[in-house]
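Trainee: would you be able to build a 3D model of this:
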Amino acid sequence: MNIAIVGTGYVGLVSGACFADTGASVTCVDVDAEKIERLRRGEIPIYEPGLDELVLKNVKAGRLRFTTSLEEELNDQQIVFSAVGTPPDEDGSADLRYVLQVAKTIGEHLDRYIVVVTKSTVPVGTAERVRQTIQAELDRRGVQVNFDVASNPEFLKEGNAIKDFMSPDRVVVGVESERAKELLTRLYKPFLINNFRVIFMDIPSAEMTKYAANSMLATRISFMNDIANLCERVGADVNMVRAGIGSDTRIGRKFLYAGCGYGGSCFPKDVKALIKTADDNGYSMEVLKAVDRVNEQQKHVLFGKLSAAFACESLQGKMVALWGLSFKPETDDMRESAALVTIALLQQAGCRIKVYDPVAMPECRRRLGSSVLYATDLYDAVNEADALLLLTEWNEFRLPNWERIARSMNRRLLIDGRNIFEKKELEGYGFEYHSIGRT
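Mentor: You can find the predicted model right below:
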């Protein structure tokens, strides 16, 4: 089966490599000529464990290739996936300019039947706008070509994307014709053989499913952060509370970890976009508005704890070490990360800041330049530091040499934004230890 995927960002490149690995002939398309040249040279522009090997394997096998020209490839394809970016506008809505540009290009050059599938996260009604855009270009050309549109939202977790794609909880596909359903069933046949669930539904429901899923997960996180903040005030331990409620099969254990707020490319953007969609349709998503508000407040918690630890003493000139910059482990993605908010607050207070992350240092340099100091490793970060803040729970932070760290810090103050350490252990090394939702 021949398929094209427009957009070689996180979703497009992972999807292309994984589809190719199941035997499809995949052409990845991007307008960024430099990125395409890098991919042709085997250079992977994003960090995702295992992705470089998967791309190189399928390029070598001839099942995966890269181009800047959709129009030259279009009429050799049976399915075209649109996986371009949908960045948030200032009002929180999803910016669909790139999605609609892909549709316009398809309409300008389409000569034979294809299924156009939106894989980007888009508001309900986008597939219909894609259809209208393609049809308008066909009408302008005065040609009649049958085509279908469909929705196939992705549910990939950064850091675990390949496993998520190849062994999914479910695949959601929105279609409106039997012809499109048959073609997409063929594409997903390898997953059906392995008894993974491919759920076919109408297109608006598929579009809504993506937003609803991410918003539910974000809600769980903000709820637990709210509970954690209350636990501190009443003397409860949020980890014990999590164990207690997570053992209820109606609730489950996932996404119940308190911390310093969620970030990344999906949750913040999708929550805001769903709120905006509701507002545009005369409905107010009160729960999600609270979820978003709690999350933004939570990103200030570590700075608040630092300020309280120094009491009346000024933070001006204090050296603060940060472990972790990415919004979660196993990615270099710093979009909407708690680290960015924390760094901004520290800078406003006049702190000197030294950062370390196993993967996200180049991304931090791109974003922040020389406004922070860059450590060579976790021990270099804490040298002569007045405080240590943990923001990302990378594995290499879990069992450090605390004796070495204690000797190198000016003040043994540790603020754990992900609750991965134990208070008694740290106090045994002379640390003043603060966490989220634990007294």
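
Trainee: residues in contact with Arg367?
Mentor: Taking CB atoms under 8 Å, 6 or more residues apart in numbering, we find Arg367 in contact with Met334, Leu340. All C-beta spots, glycine's among them, are computed from the backbone N, C-alpha and C.

Trainee: need the pLDDT of it.
Mentor: Listed pLDDT for Arg367 reads 97.

Trainee: now the strand or helix carrying it: buried residues?
Mentor: Remark: Arg367 resides in helix 361-368, with elements defined by DSSP states H and E. For helix 361-368, the neighbour count (16 or more other CB atoms under 10 Å) marks Met361, Glu363, Cys364, Arg367, Leu368 as buried.

Trainee: so what does the longest helix anywhere in the chain touch, helix or strand wise?
Mentor: Assignment by DSSP state H gives helix 203-234 as the longest helix of the chain. Identification of packing neighbours for helix 203-234 by 3 or more CB pairs under 8 Å, 6 or more residues apart in numbering; DSSP states H and E yields helix 126-141, strand 148-151, strand 170-174, helix 238-246, helix 267-280, helix 286-298.

Trainee: now it and helix 286-298, what's the angle there?
Mentor: Following axes from the mean of the first three to the mean of the last three CA atoms, to 10 degrees, one obtains 50 degrees for the angle between helix 203-234 and helix 286-298.

Trainee: show the average pLDDT along helix 203-234.
Mentor: 96.

Trainee: what's opposite the closest residue to Thr209 other than its chain neighbours in the beta bridge?
Mentor: Take Thr209 and drop its neighbours on the chain: the residue closest to it by CB to CB, 6 or more residues apart in numbering is Val172, 5.2 Å away. Using DSSP bridges, the bridge partners assigned to Val172 are Ile199.

Trainee: dump the residue contacts of Val172.
Mentor: So Val172 contacts Ser151, Asn152, Pro153, Phe155, Ile199, Met201, Ala206, Thr209, Lys210 (CB under 8 Å, 6+ apart).

Trainee: now with 6 Å?
Mentor: By CB atoms under 6 Å, 6 or more residues apart in numbering, the contact set of Val172 is Pro153, Ile199, Ala206, Thr209.

Trainee: identify the farthest-apart pair in the residues you listed.
Mentor: Farthest pair in the contacts of Val172 (CB to CB) is Pro153 and Ile199. Separation: 11.0 Å.

Trainee: who's more crowded, the two?
Mentor: Neighbours were tallied for Pro153 and for Ile199 using other CB atoms under 10 Å; the higher tally belongs to Pro153 (22 against 12).

Trainee: the more buried one against Ala212, yeah?
Mentor: No: in this structure, Pro153 is not within contact of Ala212 by CB atoms under 6 Å, at 10.3 Å.

Trainee: strands of the stretch 251-400 of the chain, start to end?
Mentor: 319-323, 352-356, 373-374, 387-390 (DSSP state E, counting those that start in this stretch).

Trainee: what of the stretch 51-200 of the chain?
Mentor: Secondary structure of the stretch 51-200 of the chain (DSSP E, counting those that start in this stretch): strands at 64-67, 79-82, 115-118, 148-151, 170-174, 197-201.

Trainee: make TSV out of these and add distance to Asp91.
Mentor: Conversion of the strands of the stretch 51-200 of the chain to TSV gives the following (distance: least, CB to CB, whole Å):
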stretch	distance to Asp91
strand 64-67	35
strand 79-82	23
strand 115-118	21
strand 148-151	23
strand 170-174	26
strand 197-201	29
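
Trainee: ok, which of these comes nearest Lys328?
Mentor: For these, proximity to Lys328 was assessed by CB to CB; strand 170-174 is nearest, at 21.8 Å.
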